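>>> Fold the following for me, if possible:
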Amino acid sequence: MGVDAERVRIDKWLWAARFTKTRSLATELVSAGRVEVNGARAKPSKDVRVGDLVHVTIGQATWEVAVRGLSDRRGSAAAAQLLYEESVESRERREAASELRRMAPPPGAVERGGRPTKRDRRRREAARRNPLD
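As a prediction, the model looks like this:
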């Protein structure tokens, strides 16, 4: 790709592999402790090599990937997919979690289902104002 060396900074690699939209977001992700390289928490300046195992958590999604290529330049999505190989177990866990989130009720849904009515809202507000009534 864009590198002749045998190692690249993890923040540059995450950006080039399209895990983040910007390099500064990749640096923040690594600094927040959401990236591990070969089982150890990484710093943004940590170098990755071909064959390293990288564990990335973004939001609720977690990837376990093996580094297959190096690049410090962002290319097309097709080129970015050549930089890593996700483990089968990781992909299955991510897809299962995604399916569970998709099937879950929307946040804040009331027991009866749907949005609270105006009557429900007024009762809650009254209970908040007068907790002993």
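
>>> Could you use CA atoms for every contact and neighbour count after this?
Fine.

>>> If the most centrally placed residue in the chain is in a bridge, with which residues?
Among the residues of the chain, the one closest to the centroid is Ile58, at 1.4 Å (Cα atoms, centre = their mean). Judged by DSSP bridges, the bridge partners of Ile58 are Ala61.

>>> my read: it touches Gly33, true?
No. Ile58 lies out of contact with Gly33 (Cα atoms under 8 Å); the separation is 10.8 Å.

>>> surely Tyr84 meets Ser71?
No. When contacts are counted by Cα under 8 Å, Tyr84 is not listed as touching Ser71 (10.9 Å).

>>> Show me what the longest helix seen in the chain packs onto, helices and strands only.
When the chain is scanned for its longest helix (criterion: DSSP state H), the result is helix 88-103. Helix 88-103 is packed against strand 61-67, with contacts defined by 3 or more Cα pairs under 8 Å, 6 or more residues apart in numbering; DSSP states H and E.

>>> Send me the strand it packs on as PDB with only the CA atoms.
Coordinates of each C-alpha in strand 61-67 appear next as PDB, following Å, rounded to 0.1, in the frame of the first residue of the first chain:
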ATOM      1  CA  ALA A  61     -19.200  -3.200  18.300                       C
ATOM      2  CA  THR A  62     -16.000  -5.200  18.900                       C
ATOM      3  CA  TRP A  63     -13.600  -6.400  16.200                       C
ATOM      4  CA  GLU A  64     -10.800  -8.900  16.700                       C
ATOM      5  CA  VAL A  65      -8.600  -8.600  13.600                       C
ATOM      6  CA  ALA A  66      -5.300  -9.900  12.400                       C
ATOM      7  CA  VAL A  67      -3.100  -7.300  10.600                       C
END
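
>>> Can you identify the element that follows it toward the C-terminus?
helix 77-81 (DSSP states H and E).

>>> ok, residues contacting that next one?
If you take Cα atoms under 8 Å, 6 or more residues apart in numbering as the criterion, helix 77-81 is touched by 16-18, 74.

>>> Give the pairing partners of the following helix or strand past that helix; include direction for each.
Note on helix 77-81: by DSSP H and E, the next helix or strand toward the C-terminus is strand 84-86. Strands that pair with strand 84-86, judged by DSSP bridges, come out as strand 61-67 (antiparallel).
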